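Q: Sequence plus predicted model, see below.
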Amino acid sequence: MSITWIATILVIEDCLSELKSISRYLTDRGYNVIKATSAKEALEIILEEKPDAIVTDVVMPGMSGFELCRFIKTNPTNQKVSIVICSSKNQAIHHLWAKKQGADAYITKPYTPEQLLSVIQSLEA
């Protein structure tokens, strides 16, 4: 039996079907999932809920996932939150930019639920 260190995951995705799918998969694997459809909504949730990890899309209205990541990682209260960037952008520059913004992992769409779970579990180690 393995111990899960990341208990609560905030999933930020503006595509409702994808948000529902990711959330259901992670909930079925024992994670507590909080959902947001925009970076603005996510920022409010982060202050109240203090998630252990964040899975975020890049292209969203208002604030991108990269901007959200940078904001979270420059705030001393939230610096230790693990962030997984999910994007259809698969060029090396996007991966590098995500890392420079403080992302802990980058996964390219389309990805399988098992790939996402593997990335999240790698952050628990």
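A: Structure's in. What do you need?
Q: Please enumerate the helices of this protein.
A: 16-28, 39-49, 65-74, 92-101, 113-124 (DSSP state H).
Q: Determine the set of other helices and strands touching the first one.
A: The elements that helix 16-28 packs onto, with contact taken as 3 or more Cβ pairs under 8 Å, 6 or more residues apart in numbering; DSSP states H and E, are strand 8-12, strand 32-36, helix 113-124. Placement of C-beta: from N, CA and C, glycine included.
Q: Tell me what the residue nearest to the spatial centre of the chain is bridged to.
A: The residue lying closest to the centre of the chain (Cα atoms, centre = their mean) is V55, at 1.2 Å. Using DSSP bridges, the bridge partners assigned to V55 are V11, V84.
Q: Look at L10 and say how many residues are nearby.
A: Neighbourhood size, L10 [other Cβ atoms under 10 Å]: 23.
Q: Which helix or strand in this protein has the lowest average pLDDT?
A: The helix or strand of the chain with the poorest confidence is helix 113-124; it has a mean of 90 (mean pLDDT, DSSP states H and E).
Q: Buried ones in that one, by neighbour count?
A: 116, 119-120 (16 or more other Cβ atoms under 10 Å).
Q: Out of these, which is nearest to W97?
A: The shortest approach to W97 among those belongs to V119, at 17.7 Å (Cβ to Cβ).
Q: do you know how far the closest one is from V58?
A: In this view, V119 and V58 are 15 Å apart by Cβ to Cβ, to the nearest Å.
Q: what's the answer for K80, then?
A: Separation of K80 from V58 (Cβ to Cβ): 22 Å.
Q: for V11, same thing?
A: Counting by Cβ to Cβ - V11 and V58 are separated by 14 Å.
Q: between the buried residues of helix 113-124, which is nearest Q91?
A: Of all those, V119 has the smallest distance to Q91: 18.7 Å, by Cβ to Cβ.
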